[in-house]
Each structure stands twice: as C-alpha cells, then as structure tokens.
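Q: What follows is a predicted structure for the sequence shown.
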Amino acid sequence: MPGGAGDDEGRGMDPEAQVHRGAAALLAANWCEAADGRWGYTRPDPFKYPDQFLWDSCMCAVAWAHVDPARARRELRSLAAAQRPDGHIGHTVFWRGPVRWNRALAYNVVRRRDPATWTIQPPLLGWAWARVHERAPDEGFRVRGVRVLGRLHAWLERERAGPDGLLGILQPDESGLDATPAYDRPLGWRAHPRPGFLLLVQANRRRRFSYRRAVAAGAFHAVDVLVNTAWALSWHGLARLGVAGAEDRAREVTAAIVRRLYDPDRGIFFPRGPGGRPLRVATWAGLAPLALPGLPEEVGRRLVGEHLLHPGRFGLPWPVPSVSADEPSFRPGDTGWPIRRYWRGPSWPFTPPFLVPGLLRLGEHGAARDLVGRLVAQAAREGFREYHDPVSGRGLGGRAFAPGAVLLDLMALTAPGRPARSG
Ligand code: GLC
C-alpha cells in the first residue's frame, strides 16, 4: 500500500517506528508542486482529493514539521499564496486547474475557473503556522505568517463575526464536517450532500457566498463549535507568533464559546442554528473546545468524563467517533452508495489533534497515551485511511490519506518523559 503504515516491508517493526516511516512516505508520495515554485502542497488523497484543502493542509504542515520543516513552511506558504486581495483564503484551492466538470455544480465557486472556493473551512491557519515555527524557528516565515494571518483574521471579523466575536457559517461543509447530523434539523432535504444541497449552494452562489447577505435573506446559517474553536486556536497561534493583543482575542473568543455554545445540562457544546436556536446533537465538535487553553477546568473534566471516555458515547474501541454512539443518527460505518454522508459516526484523523492537548492539559496523561496508542495500532494495521469504523477499526474511504500523518505530532506530544505542551 503506497505510503501506508501497514505495508509488508514494515511488518515486524515496532508500531510507532512503522507509523513514523509510513507517515513520512505518505507525505512524500502525496506532495505535488509547480515547476516554477509558485505552489507546493500535500494532496489529501491523490485520487479523491487532488486539490489543496485548508484544514487538511494545516494538519499536513504540522506533520511535515516532524519530517522536513522546509516542506511544512512551503505547504503553508502555498495557502498564503492563495490569499485573495481582500484577505480571504478558500476552503479548497485549485492550483492544478479549474474544478473538475463533474464537481463544478456542487462546488462553492461563482465561476468554474475560480482559483479557489468562496467558502471557509475551520480557520486553523494560525495554529498550524505557530506549530511549524515552534518546531523549526524561521524569522522570515514568522513575519510572513503575521502578515497573512492579520489579513485573514480581519476578513473573518469583517465578513463573519457577530457582536460576540463568534464566526458564522453559511453551509454545513464550512464546518469541515460536511454531513454532520448537527445540521439535519434546520437543513432537512437540503443537508449535505442530498440533492437539495445543490439549491443551497446555488442560492449562496447568487449571493456570492456572502454570509451577511445569507443572514439578511433568512437563509441557513449557524454558529459552529468547531469553526469557533479553530478561530480561538488561530488567535492563540498569532499570539505565539508574537502579535500583541492576540492572546486577549483568543481568551475573548473562548469566553464567548463557553457562554453561547456550552450546555451545562448536558456537559457538552452545541452549535446554534438560524434564529440562535441550540442544535442539540452530540458530535465530536462538541468536545473540540477541549483544545482551548482558557477552557474552565470543570467544563473540560465533564467533556472528558461524561463524553470522550464514556463507553456508551465517544469511548469506543477505535477513537474518536464523529458522533456520540447514543445519538439516533450514529452510523459507525459508511452510509452507503450512491450518497455517502460523511461525519455521521466514523473516526477521522482531524479529531485527535484537538482532544489530545486538552487531555494533557487536564493531567489525563494515561488517557492521552491510550488514545494515541490506539491510533498508532489502527494505522499500523490498516494504513492511513481517510476514516475508520470506531467499533471494528476497519479502514474506510481514501486509502492514502495524508492528514492522518498528523499522528506524528500526537506521538511526539505524548512521548514518555515529554512535558505536557498546550495546543
Ligand atoms: C471531506 C471532509 C473535509 C475535508 C475533505 C478533504 O470533504 O469533510 O473536512 O477537508 O474531505 O479531506
């Protein structure tokens, strides 16, 4: 299996060494770059996802920082090169040519030849930039990051932030969790990727994907937990890159997340849909604020004890399920052909980088190591799959999925003898 950790040559090696070798090979195999050096990035999967996806790229950059820091910097500089003059960086960037014909209708572009989508993805860029810089400091890279992030954050504040500083989304795929059951209720037949979803895209296309116009028109919009957690993490990253005032913004966003999105009855976070109504479906996004250094300790302890480690909820054998096992919408495997609906139960590699630092911060070192140990065993057995069944561990989706290499960072964070570091 190209780049997989479970290949024949790796048999007999210690699983961590096997994963390390497989991750490095996978990153190299999925890398692509322009002959003129204008861009270079890791394709999440060479066949399924040949374009540059924002949060995939952030995960890949953090993984590259453990293998080849120069590549990590190029990965993020490529996102920076895709920044529009107004500061926006798209969910997906089409460096290799326009979006494929068969996808153009469903993609969030205004014209097929647009160089990137007009939508957002969890804005993790500040988190990734700081992490890459911390592993291999580079002053030019730091300065570039401060500039790029300053413009990106200004765009997000201008176009997406409410009076409380929290960002809104205009489509469920902007949350990174395309078909998450959290948005089933407000979207119904227009949920991703049901046929009605195309109408939602079309309406947003007519509004040039303007969130403010979508809100004014009374169209679907939401305040998403994961997007806002990434937003706070990006501010923390900017602070670690040396920007005065960024730490205060991170704390303010964290406080607003707790105030507006935490449900003290259930001990988990829920997004708010149109009209500000809480959408009470327990998905892993409801645990993502664990990543935030400013999260009140008692909130973190409830997330861990009542949800993450609870065997009837998220504490399944092959972590971390994308939906709590006690939700009626939970499906541990694929939802079936022809419409495969993502993020409705299976475990994805994007999840643990939010949760492991939170466990470490709470002093739950055993739980953090156990979680990473299971991911290592899973990757050693199945290779770097796009997602996997949290009950059987069976690998699903793309077969050479580069964001999974972020496991290198989690292995380093939980290595015995390492002091707990915050995310
Ligand atoms: C799916 C995921 C999205 C990810 C993309 C590429 O669309 O839902 O989060 O960025 O695949 O991996």
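A: Alright, I've got the coordinates.

Q: hmm, the helix or strand where Glu75 lies in reach of the ligand?
A: Element membership for Glu75 (DSSP states H and E) is helix 69-81. No: no part of helix 69-81 sits near the ligand under the criterion C-beta under 6 Å from any ligand atom; the closest distance found is 13.0 Å. Using the backbone N, CA and C atoms, a C-beta is placed for each residue, glycine as well.

Q: what about the next helix or strand after that helix, distance to the chain center?
A: Sequence-wise, the next helix or strand downstream of helix 69-81 (DSSP H and E) is strand 92-93. Relative to the centre of its chain, strand 92-93 is centred 14 Å away, using C-alpha atoms, centre = their mean, to the nearest Å.

Q: Rounded mean pLDDT for strand 92-93, please.
A: Strand 92-93 carries an average pLDDT of 98.

Q: Can you list the neighbours in contact with that strand?
A: For strand 92-93, contacts defined as C-beta atoms under 8 Å, 6 or more residues apart in numbering pick out 51-54, 78-79, 82, 107-108, 115-117, 121.

Q: Am I right that Leu413 is in contact with Gly358?
A: No: counting by C-beta atoms under 8 Å, Leu413 sits too far from Gly358 to count as a contact (11.2 Å).

Q: do stretch 125-139 and the ligand meet at all?
A: No: interface with the ligand: stretch 125-139 contributes nothing (C-beta under 6 Å from any ligand atom), its closest point being 13.8 Å away.

Q: Which residue ranges of the chain form strands?
A: 31-33, 40-42, 52-53, 92-93, 262-263, 268-269, 387-388, 395-396 (DSSP state E).

Q: what about Glu298, distance to the ligand?
A: Look at Glu298 and the ligand: by C-beta to the nearest ligand atom, to the nearest Å, they are 31 Å apart.

Q: List the contacts of the residue located most distally from the centre of the chain.
A: Distance to the chain centre peaks in the chain at Gly12, reaching 32.6 Å (criterion: C-alpha atoms, centre = their mean). By C-beta under 8 Å, 6+ apart, no residues touch Gly12.

Q: In terms of pLDDT, where does it sit?
A: Value for Gly12, per-residue pLDDT: 72.

Q: repeat for Ala106
A: Taking Ala106 on its own, its pLDDT is 88.

Q: burial of Lys48, as a residue count?
A: By the criterion of other C-beta atoms under 10 Å, Lys48 has 13 neighbours.

Q: what do you get for Ile339?
A: For Ile339, the tally of surrounding residues (other C-beta under 10 Å) stands at 12.

Q: Enumerate the residues of the stretch 1-150 of the chain near the ligand.
A: The stretch 1-150 of the chain comes close to the ligand at residues Pro44, Tyr49, Phe53, Trp55, Asp56, as judged by C-beta under 6 Å from any ligand atom.

Q: Which members of the residues you listed are the farthest-apart pair?
A: By the measure C-beta to C-beta, Tyr49 and Trp55 form the most distant pair in those, at 11.9 Å.

Q: Which of these two has more residues huddled nearby?
A: For Tyr49 and Trp55, the more surrounded residue by other C-beta under 10 Å is Trp55, and the numbers stand at 22 against 18.

Q: tell me the contacts of that one?
A: Contact partners of Trp55, counting by C-beta under 8 Å, 6+ apart, are Gln121, Pro122, Leu124, Gly176, Ala230, Phe350, Pro403.

Q: Next, give me the two most distant ones among these.
A: Farthest apart among those by C-beta to C-beta are Ala230 and Pro403. That separation is 14.2 Å.

Q: circling back to that earlier point, in the contacts of strand 92-93, which has the lowest confidence score?
A: Lowest pLDDT among these: Tyr107, with 93.

Q: mind checking the backbone torsions on the residue lying closest to that one once chain neighbours are set aside?
A: Spatial nearest neighbour of Tyr107, chain neighbours left out: Val99 (4.9 Å); criterion: C-beta to C-beta, 6 or more residues apart in numbering. Per-residue torsions, Val99: phi -50, psi 140 (degrees, to the nearest 10).

Q: thinking again about what came up before, who are the packing partners of the helix holding Glu75?
A: strand 40-42, helix 54-64, helix 125-135, helix 139-160 (3 or more C-beta pairs under 8 Å, 6 or more residues apart in numbering; DSSP states H and E).

Q: Run a quick neighbour tally on Arg158.
A: 12.

Q: Show me which residues of the stretch 151-300 of the chain sit near the ligand.
A: Counting by C-beta under 6 Å from any ligand atom, the stretch 151-300 of the chain sits next to the ligand at Gly176, Asp178.

Q: how about the helices of the stretch 151-300 of the chain, start to end?
A: For the stretch 151-300 of the chain, the helices defined by DSSP state H, counting those that start in this stretch occupy 184-187, 197-206, 211-216, 225-240, 246-261, 297-302.

Q: CA atoms only for the first one, dumped as PDB, please.
A: What that stands for is helix 184-187. Taking C-alpha atoms only, helix 184-187 is exported to PDB below (Å, rounded to 0.1, in the frame of the first residue of the first chain):
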ATOM      1  CA  ASP A 184     -30.000  17.800   9.900                       C
ATOM      2  CA  ARG A 185     -32.900  19.700  11.600                       C
ATOM      3  CA  PRO A 186     -32.500  23.100  10.100                       C
ATOM      4  CA  LEU A 187     -31.500  21.800   6.700                       C
END
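
Q: what sits against the residue nearest to Glu252 when sequence neighbours are not counted?
A: Nearest residue to Glu252, sequence neighbours excluded (C-beta to C-beta, 6+ apart): Gly165, at 5.7 Å. Taking C-beta under 8 Å, 6+ apart, we find Gly165 in contact with Glu157, Arg249, Glu252, Val253, Ala256.

Q: Make CSV out of those and add distance to Phe354 and pLDDT.
A: CSV is the format used below for the contacts of Gly165 (distance: C-beta to C-beta, whole Å; pLDDT from 0 to 100):
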residue, distance to Phe354, pLDDT
Glu157, 23, 98
Arg249, 19, 98
Glu252, 20, 98
Val253, 15, 98
Ala256, 18, 98
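
Q: how about the residues you listed in CSV, adding distance to Gln378?
A: Compiled in CSV, the contacts of Gly165 are given as follows (distance: C-beta to C-beta, whole Å):
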residue, distance to Gln378
Glu157, 39
Arg249, 36
Glu252, 37
Val253, 33
Ala256, 35
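
Q: Would you mind listing which of those residues are buried?
A: Buried members of those, scored by 16 or more other C-beta atoms under 10 Å, are Arg249, Glu252, Val253, Ala256.

Q: low-scoring stretches of the chain, by residue?
A: 1-11, 418-423 (pLDDT under 70).

Q: what do you get if the cut-off is 90, keeping everything else the same?
A: Applying pLDDT under 90 to the chain flags the ranges 1-13, 99-106, 195, 336-339, 416-423.
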